[in-house]
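Enquirer: next one to model:
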Amino acid sequence: MCVGYGGNRQAMLQKIEAYMRKYDMVKAGSHVIAGVSGGADSVCMLLALLQLRDIFGYTVSVVHIEHGIRSIESMADAAFVQDLCRQKEVACRVFHCHVPDYAKQHGMGLEEAGRQLRYAFFEQVRDQYQDQDARIAVAHTSNDNAETMLFHLARGTGIRGLAGIAPIRGPIIRPLLAVDRQEIEDFLKKAKQDYCQDATNTSMQYSRNKIRHSVLPVLEQVNSRAIWHMNQAAADLREVAAYLHQQVQKKLRVCSSYPISEGRVQIIKEQFACADPVLQKEMLLALMTELSGSSKDITKTHITQLQKLFSSQVGKQVQFPCQVAALRTYEGITLFREQAANSGQEPMAFDQASFSFRVIEWNTKIKPQISKKKYTKCFDYDKIKNGFCIRNRLPGDYLVIRDCGCRQKLKNFLVNEKIPANERGQIPLLADGAHIMWIVGYRISSYYKVTEHTKRILEVTFYGGKEDG
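Expert: Model (predicted):
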C-alpha cells in the first residue's frame, strides 16, 4: 500500500550533508548506487541523494531487490520503484530472487538470507562500474541503529555490538544514520512523495519488530530523546572500539607470531600474560575472527575456553564451532584454521608420557654420543625459536630437507614417502611452530642437526615405536 506523509526539508538535508562530509562518504566524480526498497526510508534517501549530488559531484543509480516473499505486494513495490526512477530520470535495475528458498538451502533465517542476497546484488552492480570510489548507499536510520544496539544487547554482545551500525563500512555508506523516522516522514510529507509500506514491518514474529514497536516507544516515554542519546552512545563506543583495535594490533605483534600466516598463529603465553585482561580477550577474539572469517559464531564462552587452555597440559587440543582449533604448546597456544588435514580421520591424541626430553650441554672435551636409534633423536637446542611440542599435523607445516636450507611442505614429504592418507594424521610430530623438527619414525629437519657449533643438545626419545635391531 502506498501512502503520503508530510517539517523542515532543508534542515534535514543540511543534517544529511554534514553527516556525509563528517565521514567523507563520497568522492567528487564517483558513483552512488542507492538501494531502494520503496519504503519511506529508502525513498527519502534517494530524494536526498538526488538533491545533494550537485553539491558533492557524484552520479546516482538505483538497485531494487524483489525478494519473492510477498508475491503481488512485492511485485507492486518493484513497479513503484521503477516508476519513481523514471520520474526522477534515474537508471534503475531490478533483481528478482526467492529468499525463502535461499534461506532453506543455507540453513539461515529470512532476514539474514535477504541481507546476504541484497549485498551480493549491490556488489555485482558496483563491480560493473569498475570504480574503486563507487559507493553503495543503504537507508539505515538512527532508529535502526538504536534497534540494533538493543538487539545485540539482548542476545549477548561486547563493545562492537553496542557500537551499533557503522556510518561507513568499505564501499557501503549510510547517509540517513543522522536522522530519525519522524524526520523522514515529515520530509516526505512536505515533498508530497508517496512510498510503499511493507506489511512484514508490523509483524511481531520478527525480533527487530518487537523492539521497534514494543521497546523503543516505552524508552521514548522515559526520555523523548532516548534514540538520540543511544546514537550518541553508539558513536562514543565506536571510538572506543577503534582505539581498542589499534591497541590489539600493536599487542598482537608482541604476544604472538601475528600476522596470521598459512592459516595459523602462535600466542606466546609469557608475553600474553603481561597484557591487560581486556586486551587479552580482545586479542583472542580478533585472532579467532580473522581465522574463521567472521565473529558470528564466536561467543564469550569460546574466549573463556581459550584462556583456560593456557593452563592445560601441553598437547591438549580444543575445537571451536567457527572452524578454528587451538593446541596447547610449550610456549603457549597455536590457533589454526581447521581443514581436512587428516582426510576425514580424527586427529590422534598423543600421550606426552610416551616421550622423554633431555637437554645435554655440549662439552668440547667429552662430546656426547649422538644416538643412531630410530626413535631417539638429537637436535640443536639453541636453534629452537618458538618452543617445541608433540602434536598432529597442521596447515602450513614444513621441514628443511637439505643442509642448504631447502624447505619442503610436510604434506609433500608424506606423499613422497607413500604414507597412506588415512595414516598421515596418526604420525606424532615434534614441532617448533610450523617447522617440523621430527616426523617421528621417519626423519628430522636438517635445520636442527647437531654440528660442531652446537652448544646444547635436545635429546628426544619416543617409547611408542619399535627400534630397528
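Enquirer: burial check on residue 246, number of neighbours?
Expert: 9 (other Cβ atoms under 10 Å). C-betas here are computed from N, CA, C, even on glycine.
Enquirer: from residue 259, how far off is it?
Expert: Residue 246 sits 15 Å away from residue 259, taking Cβ to Cβ, to the nearest Å as the criterion.
Enquirer: with residue 397 instead?
Expert: With the distance defined as Cβ to Cβ, residue 397 ends up 18 Å from residue 259.
Enquirer: repeat that for residue 371.
Expert: Relative to residue 259, residue 371 is positioned 38 Å away (Cβ to Cβ).
Enquirer: one step back: which of residue 397 and residue 259 has more residues huddled nearby?
Expert: Set side by side, residue 397 and residue 259 show unequal neighbour counts under other Cβ under 10 Å, the larger going to residue 397 at 23 against 10.
Enquirer: close enough to count as contact, that one and residue 437?
Expert: No: the pair residue 397 / residue 437 is not scored as a contact, 10.9 Å apart, by Cβ atoms under 8 Å.
Enquirer: neighbours of the residue nearest to residue 463 when sequence neighbours are not counted, just the number please.
Expert: The spatial neighbour of residue 463 that comes closest, neighbours along the chain excluded (Cβ to Cβ, 6 or more residues apart in numbering), is residue 354 at 5.2 Å. The number of residues packed around residue 354, counting by other Cβ under 10 Å, is 15.
Enquirer: quick one: residues contacting residue 354.
Expert: Applying Cβ atoms under 8 Å, 6 or more residues apart in numbering to residue 354 gives the contacts 428, 462-464.
Enquirer: and these, which is closest to residue 74?
Expert: residue 428 (59.0 Å; Cβ to Cβ).
Enquirer: if I look at the closest one, how far off is residue 372?
Expert: 20 Å.
Enquirer: and if you look at residue 123?
Expert: From residue 123 across to residue 372, the span is 61 Å (Cβ to Cβ).
Enquirer: neighbour count winner among those two?
Expert: Under the neighbour definition other Cβ under 10 Å, residue 123 and residue 372 were set side by side, and residue 123 has more, 15 against 10.
Enquirer: that one is in what secondary structure piece?
Expert: Assigning secondary structure by DSSP states H and E places residue 123 in helix 110-129.
Enquirer: beyond that helix, next helix or strand please.
Expert: Note on helix 110-129: by DSSP H and E, the next helix or strand toward the C-terminus is strand 135-137.
Enquirer: surely residue 37 touches residue 65?
Expert: Yes: applying Cβ under 8 Å, one finds residue 37 in contact with residue 65, separated by 7.5 Å.
Enquirer: excluding covalently adjacent residues, which one is nearest to residue 208?
Expert: According to Cβ to Cβ, 6+ apart, the nearest residue to residue 208 is residue 147 (5.5 Å).
Enquirer: low-confidence ranges in the chain?
Expert: Applying pLDDT under 70 to the chain flags residues 1-7, 199-203, 205-206, 339-353, 363-369, 465-469.
Enquirer: any idea which residue sits dead centre in it?
Expert: residue 294 (2.9 Å; Cα atoms, centre = their mean).
Enquirer: could you measure from residue 133 over to residue 278?
Expert: In this view, residue 133 and residue 278 are 36 Å apart by Cβ to Cβ.
Enquirer: hmm, I typed the wrong one, I wanted residue 127.
Expert: In this structure, residue 127 lies at 39 Å from residue 278, with Cβ to Cβ as the measure.
Enquirer: now residue 113
Expert: As judged by Cβ to Cβ, residue 113 and residue 278 stand 35 Å apart.
Enquirer: quick one: which of the two has more around it?
Expert: Remark: of residue 113 and residue 278, residue 113 carries more neighbours, 22 against 12, as counted by other Cβ under 10 Å.
Enquirer: give the contact list for that one.
Expert: Going by Cβ under 8 Å, 6+ apart, residue 113 touches 99-100, 102-103, 106.
Enquirer: I'd like the distance between it and residue 68.
Expert: Here residue 113 is placed at a distance of 11 Å from residue 68 (Cβ to Cβ).
Enquirer: identify the contacts common to the two.
Expert: Contacts common to residue 113 and residue 68, judged by Cβ under 8 Å, 6+ apart, are 99-100.
Enquirer: about what we covered before: element containing the nearest residue to the residue nearest to the centre of the chain once chain neighbours are set aside?
Expert: The spatially closest residue to residue 294, leaving aside those adjacent along the chain, is residue 322, at 7.3 Å (Cβ to Cβ, 6+ apart). Under the assignment given by DSSP H and E, residue 322 is not contained in any helix or strand.
Enquirer: so who does residue 322 touch?
Expert: 288, 291-292, 294, 296-298, 302.
Enquirer: just read off the phi/psi values of the residue nearest to residue 417 when sequence neighbours are not counted.
Expert: Distances taken as Cβ to Cβ, 6+ apart place residue 442 nearest to residue 417, at 6.7 Å, with adjacent residues excluded. Main-chain torsions, residue 442, degrees, to the nearest 10: phi -120, psi -90.
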